[in-house]
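Asks: turn this into a model:
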Amino acid sequence: MRLLTALRPRRVALNATAAMLAVALGAGPAAAAAARTVTTWTVTPGGSFSGHAGTTKLKDTANGNSLNCTSSALAGRFKPGTGLSGAGIGSITGGGKFTDCLGPLPFAVSITLQGLPWHISVTADHSGVVHGTISHIEITASLPAGCRFTLDGTAAGAFDGTAQFSYSDSAHTLKLLPTGTNLHFYKVSKCAGVVHSGDSAAYLAGYTLSPGQTITSP
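Replies: Below is the predicted model:
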């Protein structure tokens, strides 16, 4: 979500990049301790969905630095119907368009979602807010001056990254949370020390789904 080895001709630009990446996030929502664990679910309408988020961050939670983008998009699918198992109730199948990353600097940034489809599982609900996990995550990023890194769980190419989320039935928003993730940075190259291989990571965004999905326990 060491960075940028010094390239003398670009030292000033890289220092500016490092400064812009050093953005601290506020604390995410507390886990819903009173959430009710359930075994079967109902999804309406189910089927394909698109998700659009505003500010999206790939954060190094070890040092607080982050790659910030003004928006991102996903696509996925939920199983429709009643009596559904929470495990594998949906999936992220595509998307990953990240725009206007690194603020006003005119840097081209390529971010790719790997290991698709990612798996969506739900485990509990609390007053219309569902809690669950997205798994099989890997994300690769390519930034200016050859800076590259991978986010995954135990290793680059393992495709075992996980992230916790909450989903609001009323707002139709799937929010990726800063806690409960096993993501780490791997294969960090030429990134000026802004992030480091092995550092813990978080993928943070709030995706509004269209069509809106209602996920309830019977």
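Asks: what pairs with the strand or helix carrying residue 121, parallel or antiparallel?
Replies: Residue 121 belongs to strand 118-126 when assigned by DSSP states H and E. Strand 118-126 has the following strand partners under DSSP bridges: strand 36-37 (antiparallel), strand 90-101 (antiparallel), strand 129-142 (antiparallel).
Asks: so which of those strands comes closest to residue 157?
Replies: Of all the strands paired with strand 118-126, strand 129-142 sits nearest to residue 157, with 7.4 Å by C-beta to C-beta. From N, CA and C alone the C-beta is placed, and that goes for glycine too.
Asks: now do the buried residues in the closest one.
Replies: 129-141 (16 or more other C-beta atoms under 10 Å).
Asks: let's have those in TSV, adding pLDDT and distance to residue 176.
Replies: Listed next are these as TSV, based on pLDDT from 0 to 100; distance: C-beta to C-beta, whole Å:
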residue	pLDDT	distance to residue 176
129	95	14
130	96	14
131	96	12
132	97	11
133	98	11
134	98	7
135	98	13
136	97	14
137	98	10
138	98	15
139	97	12
140	96	17
141	93	16
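Asks: quick check: the farthest pair among the residues you listed?
Replies: Across these (C-beta to C-beta), the longest gap, 31.2 Å, separates 129 and 140.
Asks: which parts of this structure are helices?
Replies: Under the criterion DSSP state H, the chain contains helices at 11-21.
Asks: what residue ranges in it score low on pLDDT?
Replies: Residue ranges of the chain with pLDDT under 70: 1-38, 103-107.
Asks: apply 50 and report the result again.
Replies: Across the chain, the ranges flagged by pLDDT under 50 are 1-34, 104.
Asks: and which of the buried residues of strand 129-142 is nearest residue 113?
Replies: Nearest member of these to residue 113, counting by C-beta to C-beta, is residue 139, at 6.0 Å.
Asks: ok, that closest one to residue 156 distance?
Replies: Taking C-beta to C-beta, to the nearest Å as the criterion, residue 139 is separated from residue 156 by 10 Å.
Asks: who touches both of those two?
Replies: residue 150 (C-beta atoms under 8 Å, 6 or more residues apart in numbering).
Asks: related to what we said a few turns ago, nearest to residue 53, of the strands paired with strand 118-126?
Replies: strand 90-101 (9.5 Å).
Asks: quick one: the closest residue to residue 52 other than its chain neighbours and residue 167, what's the gap?
Replies: Among residues not flanking residue 52 along the chain, residue 73 sits closest, at 5.2 Å (C-beta to C-beta, 6 or more residues apart in numbering). From residue 73 across to residue 167, the span is 17 Å (C-beta to C-beta).
Asks: neighbour count winner among the two?
Replies: residue 167 (23 against 17; other C-beta atoms under 10 Å).
Asks: now the more buried one: closest residue in space that isn't a chain neighbour?
Replies: residue 130 (4.4 Å).
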